[in-house]
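Visitor: dropping a prediction and its sequence here:
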Amino acid sequence: MCLGSYSRIAIGLLMLFCLSMGISTSAWAGGKEQVLYSFQGIPDGAVPVGGVVFDSTGNLYGATTEGGAAGSSCNSDAQCGIVFQMKQKNGTWSETVLHVFEGNLTGDGATPAGGLIVDASNHLFGTTAYGGTGDCLLLGGEVGCGTVYEMTPPTTPGESWTETVLYSFQGGSDGYFPMGNLVFDDAGNLYGATYYGGGFGVCNQGIYPYCGTIFELSPPKTKGSAWTEKVLYSFKSDTDGANPNGSLVFDKKGALYGTTFFGGNQGCPQDAGVGCGTVFKLSPPAKKGHAWGYEVLYRFNDGGPQQAQGDGENPAAGVVLGEGGVIYGTTERGVTADGTIFVLTLSKNQSERWRETILHFFANGNDGAFPTGLVVDGKGDLYGPTPASGSYGAGEIFRLKPPKKGMRLWNYTTLYNFRGSPDGDEPTGYLTLNGNNLYGVTSVGGTGPCQQGGCGTVFQFTP
């Protein structure tokens, strides 16, 4: 079950989502993978999303798109999803449900479509694709337009966490269906993306209108007051992109970088003219009160002129920034491949300010397919998951090492092939580096009773 462009739109309908400047090498490297927890659906959640995050004491946190207590206002089979905590004691991990989402009938969120971030006080922040107080409709029923929420830890050990909806999207110019992870700035403001809304463009007409937003959510100046949402940019679909993926990243000057799944080039040969996607930059205003500056750094044009192998199509995750100002990312598809890993570098050619180079083409074989988010370590190595293909058809974890001095080729290595239940299946979202270990989630697999072959897992991998 891969998350292609249709599935990324259909997540709402289902109530939830080799060559490199020459020939690169592909190999398999040994390592140890351990399933830390297998979700069971009800009452502990199913289909984890976005990855996991550590707090300052070494506990793990994440969210699931489905599962939770029976009787919620969401679909009786899927439920609304949960926020979970995992603690380790004597080498064994245990899971605790911190919050069960109740859906729009109570004004709560429903169906997280991104992971969590944590602040210095171990408060958690995330988004839900549905729920809240907005009046968005799906298949004739009101489901809400999505929320941003906060999880506050108890002041006394053993007591319950508190969930607070910080903002409910209303489904118009303010955006709806938030996607991906949030990010903080130094002042404590939150930034994210909505896949739809914003008031411009015609994107996926018949499901939801408009082409998405980048938003800022600012904490109240007075305790007890409401957070304030401000749309920094509304996408228009044509040349500027459409349907942003969230999981934005800041550079040292306070500019935001991200991707759109569609838009940018209406002549995209593989997507019936809706656009192959973009990489963009949002620069903060020079003067308070002025608009942020929007710039498309790269428009994907898979199979376009002078691109015999294509340059990739439909980035499905955010980007990471590397040394020297380079930008790394992935595309979910390609005219000659089932996804790519790319790098953008500043070009001396003024007609193309940023130049793209493909570091790896995925061939939908032993090297995986449809890559999602990347993470970079201190050595400049890139790591990520693919939710499909691999030796057992259940996805993989990969590493891409930069070339040695005097060489040009990046080295691609499959670190681990998932095997399906009782192992994980379909790793997705982002990996988290902690010491020498990688942590992540699989959307299915494990030992749970869900019909799709397990309810998902949290895993640890040691290269």
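Guide: Received it, and whenever you're ready, just let me know what you need.
Visitor: can you tell me the helix or strand for residue 282?
Guide: Assigned by DSSP states H and E, residue 282 belongs to strand 278-283.
Visitor: next secondary structure after that strand?
Guide: Of the helices and strands lying after strand 278-283 in sequence (DSSP H and E), the nearest is strand 293-299.
Visitor: residues making contact with whichever helix or strand comes after that next one?
Guide: Going down the chain from strand 293-299, the next helix or strand is strand 320-321, by DSSP H and E. With contact meaning C-beta atoms under 8 Å, 6 or more residues apart in numbering, strand 320-321 is reached by 249, 251, 257, 327-329, 374-376, 382. No exception for glycine: its C-beta is placed from N, CA and C like everyone else's.
Visitor: looking at the strand holding residue 282 now, give me its mean pLDDT.
Guide: The average pLDDT for strand 278-283 rounds to 96.
Visitor: distance from the chain centre to that strand, please.
Guide: Here strand 278-283 is found 16 Å from its chain centre; the criterion is C-alpha atoms, centre = their mean, to the nearest Å.
Visitor: that strand - contacts with which helices or strands?
Guide: If you count contacts as 3 or more C-beta pairs under 8 Å, 6 or more residues apart in numbering; DSSP states H and E, strand 278-283 packs onto strand 256-262, strand 293-299.
Visitor: now do the buried residues in the last one.
Guide: This points to strand 293-299. The neighbour-count check on strand 293-299 (16 or more other C-beta atoms under 10 Å) flags 294, 296-299 as buried.
Visitor: helices and strands around it, which ones?
Guide: Applying 3+ C-beta pairs under 8 Å, 6+ apart, one finds that strand 293-299 contacts strand 278-283, strand 354-361.
Visitor: nearest to residue 460, of the helices and strands packed on strand 278-283?
Guide: strand 256-262 (28.0 Å; C-beta to C-beta).
Visitor: sort out which residues of the closest one are buried, please.
Guide: Here strand 256-262 shows 256-262 as buried, counting by 16+ other C-beta under 10 Å.
Visitor: and what of stretch 415-428?
Guide: Of the residues in stretch 415-428, 415-421, 423-428 count as buried by neighbour count, 16+ other C-beta under 10 Å.
Visitor: cool, stretch 390-403 as well?
Guide: Buried residues in stretch 390-403 (16+ other C-beta under 10 Å): 390-391, 394-400, 402.
Visitor: and what of stretch 134-148?
Guide: Buried residues in stretch 134-148, counted by 16+ other C-beta under 10 Å: 134, 136, 143-148.
Visitor: so which of the residues you listed belong to strands?
Guide: 147-148 (DSSP state E).
Visitor: which one of the buried residues of stretch 134-148 is nearest to residue 115?
Guide: For the buried residues of stretch 134-148, the nearest to residue 115 is residue 148 (13.3 Å; C-beta to C-beta).
Visitor: partner residues bridging that closest one?
Guide: On the basis of DSSP bridges, residue 148 is bridged to residue 127, residue 167.
Visitor: do the same with the one 4 residues further on
Guide: Beta-bridge pairing of residue 152, defined through DSSP bridges, involves residue 162.
Visitor: what about it, neighbour count?
Guide: Look at residue 152: counted by other C-beta atoms under 10 Å, it has 13 neighbours.
Visitor: just say which of the helices and strands packed on strand 293-299 is most tucked in.
Guide: strand 278-283 (a mean of 21; mean count of other C-beta atoms under 10 Å).
Visitor: dump it to CSV, restricted to CA.
Guide: The C-alpha coordinates for strand 278-283 follow below in CSV (Å, rounded to 0.1, in the frame of the first residue of the first chain):
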residue,chain,number,x,y,z
THR,A,278,8.1,22.6,-6.3
VAL,A,279,10.8,23.4,-3.7
PHE,A,280,10.1,26.9,-2.3
LYS,A,281,11.5,29.5,0.1
LEU,A,282,9.6,31.9,2.3
SER,A,283,11.7,34.9,3.6
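Visitor: what sits up against that strand?
Guide: 214, 232-233, 240-241, 244, 253-260, 263-264, 292-300, 315, 319, 327, 329, 344, 354.
Visitor: relative to strand 354-361, how tilted is it?
Guide: Here strand 278-283 points in a direction 130 degrees away from that of strand 354-361 (axes from the mean of the first three to the mean of the last three C-alpha atoms, to 10 degrees).
Visitor: sheet partners, orientation included, of strand 278-283?
Guide: Assessed with DSSP bridges, strand 278-283 is paired to strand 256-262 (antiparallel), strand 293-299 (antiparallel).
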